[in-house]
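Q: show me how the following folds:
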Amino acid sequence: MGRIAGRFARVEARRRAGRLVLGLLSDLPRKNCWTIAEWAGEATPHGMQHLLCRASWDADAVRDDVRDYVMEQLHDERAVLVVDETGDLKKGTRTVGVQRQYTGTAGRIENSQVAVYLVYAGARGHAAVDRELYLPRSWTCEPDRCRAAGLPEDTAFATKPELASRMIGRFLDAGHHVGWVTGDEVYGGNPCLRALLEERGVGFVLAVASSAEVITGAGKFRADALAAKVPKRAWQKLSAGAGAKGHRYYDWAVIDLADFGPGHRQLLIRRNRTTGERAYYRCFSPALKPLATLVRVAGSRWRVEETFQSGKGLTGLDEHQVRRFTSWSRWVTLAMLAHAFLAVIRAAEHARHPTPDDLIPLTCNEIQRLFTALVRSTPDAVHKLRWSLWRRRHQARSRTSHYHRQATDQT
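A: Numbering: from 1, shown residues only. Model prediction:
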C-alpha cells in the first residue's frame, strides 16, 4: 500500500483503500462494499462506496504502480505477455458495458460485462498488469447512456484487439521489455495487432482459425489445408507446460511462411495425440527461434486462465457490485493489486524456502488463508449486532421504495 500512497489526495481515502484491499484478501464468501465494510469494522458501507465513486484518487496511476510492482518482483527474461478477455455475468441494463454477448465464463451468450486483461507470465509467477473494459456498439452509439455511466466524453468503440494494442503499447512505452505475446483467435486473427507487434520488434505466437489464410513460398493456403501436407516425420512430441495432471504433451509441427519484412514468420500446428484435433498459431520472431521456444510461448496462454481463476476466487475480481465506469476501474485495479501481492509473496517464499519433498509448494490459496488468519482479528459482538440493525433498516427502506415505485407504475 505504501507504493500507491501518493495516488490519494486525502489520507482518509488512502487508509480506506488499505482496508478495502485487506477485505479483498480476506476469506469472505462474498466481497462487496457491504461485506468488506462490516469486515473492516466500519459502521456503514457508505465510506467504501465513496472511495469507489467520488473520492479523489487516480485508478490509472495505481494500475501503473501495480504493473511496475509485478515487473520488479516477478521479472523474467523469458516471460510472456498474455492477452485475453473474461466476462462477469450481470442483471439489468444499467451496469457499464453490459449487454447480451458471448462470454467464456458461462460458455454461451449471456447478459454480461466483458473486460480485456494483460497478464505478465514468467517462471516465478503470473499476474494481471493492465485492464480495459470492452464497450459494445450498443453503448458507444448512445452518448446519454455513456454519460450516465460516467464514461469520458470522447469514448468511442474499440474492438478487443484494439484494447489489447493499447495495453501492450502502454507496457512497452513504460520502458518494460518482453520478448513474446500470445493470445487466442480473437487476437491472432487481427492483422493490425500483428503489425503493431512486428513494428515494435516483439515476437508473438497467436492462435488463428483453421480457415485463416497464410502465404508460403508456394502460394496462399488455408491453415488446415497446409497442415494436411505436413509429412509424418515433421511432427514432434513436446510438452506445452505442466498442468494439473502433469505435462500436457501434444504433437507439433512448424511451417515457414513468406517474409515480407524483417524477422521470421511461421505457422505452428498443434495436434492432440488422442483425438487428432488441431490448433493453429501465427508466429513472428525478430530472430529465428527453435520449435521448442514457440511451443513454450503457446503453452503460456493457459496462465491467463489461472490468473482469472485465482483473481476471481481469491480477491473478488468479478464481485464488484457497481454500475459506473469509475467505480469499476477502481475496484478491478485494487483487486489486481491484491492478487499481485499474493503472487509476489508466493514467488518470494519459493525462492527463500525450498519446499521439502513431503510438501507441495505454497499456493496463493494457502498464502491467503495464512495471511487472513494471522492479520485479521475477529470483530466484537456489538459490531455484528449494529450491522444487523443497519442491514434490516436499509432493507426496510428499500422495500418501501420498491412498493411505492410499483404502485406508481401501475397507476
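Q: C-alpha only now, for contacts and for neighbours.
A: Fine.
Q: okay, buried residues for the helix or strand containing residue 293 please.
A: Applying DSSP states H and E as the criterion places residue 293 in helix 291-299. By neighbour count on 16 or more other C-alpha atoms under 10 Å, the buried set for helix 291-299 is 294-299.
Q: try stretch 57-68
A: 57-59, 62-68.
Q: so how far is it from its chain's centroid?
A: 15 Å (C-alpha atoms, centre = their mean, to the nearest Å).
Q: before we move on, what about stretch 203-211?
A: Centroid separation for stretch 203-211 versus its chain: 20 Å, with C-alpha atoms, centre = their mean.
Q: could you give the bridge partners of the residue nearest to the spatial centre of the chain?
A: Centroid-nearest residue in the chain, with C-alpha atoms, centre = their mean: residue 117, separated by 3.7 Å. Beta bridges link residue 117 to residue 84, residue 131, judged by DSSP bridges.
Q: cool, and residue 214?
A: Judged by DSSP bridges, the bridge partners of residue 214 are residue 221.
Q: correct me, but it touches residue 227?
A: No. Look at residue 214 against residue 227 with C-alpha atoms under 8 Å: they stay out of range, at 11.3 Å.
Q: who has more neighbours, the two?
A: Neighbour tally, residue 214 and residue 227, criterion other C-alpha atoms under 10 Å: the higher count belongs to residue 227, 22 against 16.
Q: my guess is the residue nearest to the centre of the chain contacts residue 160. True?
A: No. If you go by C-alpha under 8 Å, residue 117 and residue 160 don't touch, sitting 10.0 Å apart.
Q: and for these two, which residues touch both?
A: Common contacts of residue 117 and residue 160, defined by C-alpha atoms under 8 Å, 6 or more residues apart in numbering, comprise residue 85.
Q: so which residues of the chain form strands?
A: With strands called from DSSP state E, the chain shows them at 80-89, 99-103, 108-121, 126-133, 180-183, 203-208, 213-216, 219-222, 236-243, 246-256, 264-271, 278-285.
Q: closest one to residue 347 among those strands?
A: strand 126-133 (9.5 Å; C-alpha to C-alpha).
Q: what angle do strand 80-89 and the closest one make with each other?
A: Relative orientation of strand 126-133 versus strand 80-89 (axes from the mean of the first three to the mean of the last three C-alpha atoms, to 10 degrees): 60 degrees.
Q: tell me what strand 126-133 is packed against?
A: helix 59-74, strand 108-121, helix 160-173, helix 302-315, helix 325-352 (3 or more C-alpha pairs under 8 Å, 6 or more residues apart in numbering; DSSP states H and E).
Q: tell me the mean pLDDT over the last one?
A: The one in question is helix 325-352. For helix 325-352, the mean pLDDT works out to 96.
Q: over to the third one?
A: Helix 160-173 comes out with an average pLDDT of 98.
Q: quick one, what contacts the spatially closest residue to residue 298 that is not a sequence neighbour?
A: The shortest distance from residue 298 to any non-neighbouring residue, by C-alpha to C-alpha, 6 or more residues apart in numbering, is to residue 205 (6.0 Å). If you count contacts by C-alpha under 8 Å, 6+ apart, residue 205 has them with 180-183, 281-284, 294, 297-298.
Q: and of these, the nearest to residue 98?
A: Nearest to residue 98 among the contacts of residue 205 is residue 183, at 23.4 Å by C-alpha to C-alpha.
Q: how far away is that closest one from residue 240?
A: Applying C-alpha to C-alpha, to the nearest Å, the value for residue 183 to residue 240 is 15 Å.
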